[in-house]
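I would like to see how this sequence folds:
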Amino acid sequence: MAPPFMVSAPGKVIVFGEHSVVYGKPAIAAAISLRSYLHVTTLSKSKHTVSLRFPDIDLTHSWDIDNLPWAQFQHPDKKKSYFSLVTQLDPELLAALQPHIDEVSPDRPEEIRKVHRNSVTAFLYLFLSLGSPRFPGCLYTLRSTIPISAGLGSSASISVCLAAALLLQLRTLSGPHPDQPSEEARVQVERINRWAFVSEMCIHGNPSGVDNTVATQGKAVVFQRTDYNKPPSVRPLWDFPELPLLLVDTKQAKSTAVEVGKIGKLNKTHPKIIGPILEAMRHITDTASQLIEDKDFNPKDEESLRRLGELMAVNHGLLNALSVSHPRLERVRELIDHEGIGWTKLTGAGGGGCSITLLKPNVPGEKLAKLDSQFEAEGYEKYGTTLGGDGVGVLWPAVLKNGTEEDEEGGMEIDVDKFLNAQGTEGVEQLVGVHGDGGEREGWKFWRVESE
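Numbers count the residues shown, from 1 in each chain. This is a model prediction of the structure:
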């Protein structure tokens, strides 16, 4: 039997250009170091079942592999290869899955069932498209440190984990390994990305593909959609540097549709005013991408960070002028500006949700501690993270040497029980080997896509 292994993929934030991207302008999305982690256990030959355990959404379910609708998925007209490009879901295949989706969480409230149905649809569509009736019995256990429904790409991160795990089990990926040429690594990453997009279609219907692209390759992308009948253009920023980031969840519910609608109404009423604001946001995104790609940009240099931070602050000011900020977001800015520790903007749709702050270098610990206590007192959730880090990664086998007693015996295996019982973000990250301020990951390997 194959040993237990793990895959992981990051969440994402929009750094520049939210809302203006709706009007055909470019935006920049980047990976963050909050991640999803999928643990894969191969079962003995006597257990020919496939099981999901997703405790974050309280989902547990098993299927008998022999009873799944293989005939439909293996039909010559339907059969896909691991390198296929699938740009739309097949209604007949979705219909074949429906009885196996309907049996999930039958006694749960409709709102929860909808989340569970989306998750199992995505998994089963990938499992049957890529696998075969001979696939071994497996248990897939998922934990995520990414806040759900906060505009941080949690579903795309999970989609990337599922796609990567299945492709690894099928042995259709080489690497990742340290000496892998970047061009070969990018081909592997694109293979994962294609199937992660299929999963995202199962969950969202008509996704842009941006979230899964960032979650797969990491770093950052510039994306732009000038024609909504076509996919967006996506230009990777392969050498986007890792930057220190403070992510704050306002805990204020928001509606993307409502915030987009606000700007639509303003644009109809005041096109000569709103048009130039959206165009100014385009210039900010272009300037930011040029700054980051400049060979003289140094992520540890105060001047480089200041120039990038000022662009973030101006971008937020324009979004505020478009009425998509919120008093809870402005309060975060007020607290951070008062301490003079970084540059803050909303990320995503606004109207609540999250803010991001690019931190200045060498911020005194006492200032951050004071800020922490203020956030806690006012009901905010703060995450220390990095921007622009690694994409999909693999820990094979799921064994770490964490300075534990087991080290002398070859390391500590991350078994399912330890994984399920890890407490919160800190517990999960500690268990899977994340340590240090930069979120270094012991034992994990990543497809290296940088050009440098």
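
pull out the buried residues from stretch 2-10.
Residues Pro4, Phe5, Met6, Val7, Ser8, Ala9, Pro10 are the ones in stretch 2-10 that count as buried (16 or more other CB atoms under 10 Å). For the C-beta atoms, the positions are set from N, CA and C on the backbone; glycine is no exception.

what's the neighbour count on Pro178?
For Pro178, the neighbour count with other CB atoms under 10 Å is 8.

report the separation between it and Val210.
29 Å (CB to CB, to the nearest Å).

how about the strands in the stretch 151-300 of the chain?
With strands called from DSSP state E, counting those that start in this stretch, the stretch 151-300 of the chain shows them at 220-224, 233-237, 243-249.

now the angle from the second one to strand 220-224?
With axes from the mean of the first three to the mean of the last three CA atoms, to 10 degrees applied, the angle from strand 233-237 to strand 220-224 works out at 160 degrees.

now strand 233-237, how far from the centre of its chain.
Counting by CA atoms, centre = their mean, to the nearest Å, strand 233-237 is centred 16 Å from the centre of its parent chain.

what does it contact?
28, 30, 209-210, 213, 217, 219-226, 289, 292-293, 449 (CB atoms under 8 Å, 6 or more residues apart in numbering).

ok so, going back, mind putting the strands of the stretch 151-300 of the chain into JSON lines with distance to Asp90?
Converted to JSON lines, the strands of the stretch 151-300 of the chain look like this (distance: least, CB to CB, whole Å):
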{"stretch": "strand 220-224", "distance to Asp90": "27"}
{"stretch": "strand 233-237", "distance to Asp90": "24"}
{"stretch": "strand 243-249", "distance to Asp90": "37"}
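
what about Val40, how many residues close to it?
By other CB under 10 Å, neighbour count at Val40 equals 23.

typed the wrong thing, it's Leu266
17.

list the contacts of it.
By CB under 8 Å, 6+ apart, the contact set of Leu266 is Ile274, Leu322, Ser323.

hmm, Gly275 and the second one touching each other?
No: under the criterion of CB atoms under 8 Å, Leu322 lies out of contact with Gly275, with a separation of 11.6 Å.

filter the contacts of strand 233-237 to the buried ones?
Judged by 16+ other CB under 10 Å, buried ones among these: 28, 30, 209-210, 213, 217, 219-225, 289, 292, 449.

pull out the buried residues from stretch 340-360.
Those would be 341-360, for stretch 340-360 by 16+ other CB under 10 Å.

meant to ask about stretch 53-62
Neighbour-count burial for stretch 53-62 flags Arg53, Phe54, Leu59, His61 (criterion: 16+ other CB under 10 Å).

among those residues, name the ones in strands.
Counting by DSSP state E, the part of the buried residues of stretch 53-62 found in strands is Arg53, Phe54, Leu59, His61.

what about the strands in the stretch 351-452 of the chain?
Going by DSSP E, counting those that start in this stretch, the stretch 351-452 of the chain shows strands at 354-359, 381-387, 393-395, 399-400, 412-413, 434-435, 440-441, 445-446.

tabulate the ones you listed (TSV), appending distance to Glu366.
As requested, those are exported to TSV (distance: least, CB to CB, whole Å):
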stretch	distance to Glu366
strand 354-359	15
strand 381-387	16
strand 393-395	34
strand 399-400	33
strand 412-413	35
strand 434-435	23
strand 440-441	25
strand 445-446	35
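
what's the most buried one of those strands?
Of all the strands of the stretch 351-452 of the chain, strand 354-359 carries the top mean neighbour count, a mean of 24, counting by mean count of other CB atoms under 10 Å.

who are the packing partners of that one?
strand 5-16, strand 243-249, helix 302-321, helix 327-339, strand 342-347 (3 or more CB pairs under 8 Å, 6 or more residues apart in numbering; DSSP states H and E).

domain-wise, how is this structure divided?
The chain breaks down by automatic domain parsing into domains covering 5-238+390-446, 243-387.

among those domains, show the one with the smallest mean pLDDT.
Confidence, taken as mean pLDDT, is least for domain 5-238+390-446 of the domains of the chain (a mean of 91).

which one is Gly379 nearest to, not counting chain neighbours?
Nearest residue to Gly379 in three dimensions, chain neighbours excluded: Lys251, at 5.8 Å (CB to CB, 6 or more residues apart in numbering).

burial measure for the one you found, as a count.
Lys251 has 15 nearby residues by other CB under 10 Å.

now it: how far from Ser355?
From Lys251 across to Ser355, the span is 12 Å (CB to CB).

same check on Leu139?
According to CB to CB, Leu139 and Ser355 sit 38 Å apart.

and what of Ser33?
Relative to Ser355, and taking CB to CB, Ser33 is found at 17 Å.

ditto for Pro99
Relative to Ser355, and taking CB to CB, Pro99 is found at 44 Å.

quick check: phi and psi at Asp107.
phi -100, psi 10 (degrees, to the nearest 10).

what about it, neighbour count?
5.

next, give me the two most distant ones among the buried ones among the contacts of strand 233-237.
Using CB to CB, these reach their maximum pairwise distance at Arg225 and Val449, which is 23.0 Å.

what ranges do the helices span in the stretch 1-150 of the chain?
70-74, 91-102, 110-130 (DSSP state H, counting those that start in this stretch).

how about these, which one is nearest Thr145?
Closest to Thr145 of the helices of the stretch 1-150 of the chain, according to CB to CB: helix 110-130, at 17.5 Å.

please name every helix or strand in contact with the closest one.
Checking 3+ CB pairs under 8 Å, 6+ apart, helix 110-130 ends up next to strand 49-54, strand 59-64, helix 70-74, helix 91-102, helix 154-169, helix 182-204.

tell me which of the ones you listed sits most buried.
Among the helices and strands packed on helix 110-130, helix 154-169 has the highest mean neighbour count (mean count of other CB under 10 Å), at a mean of 27.
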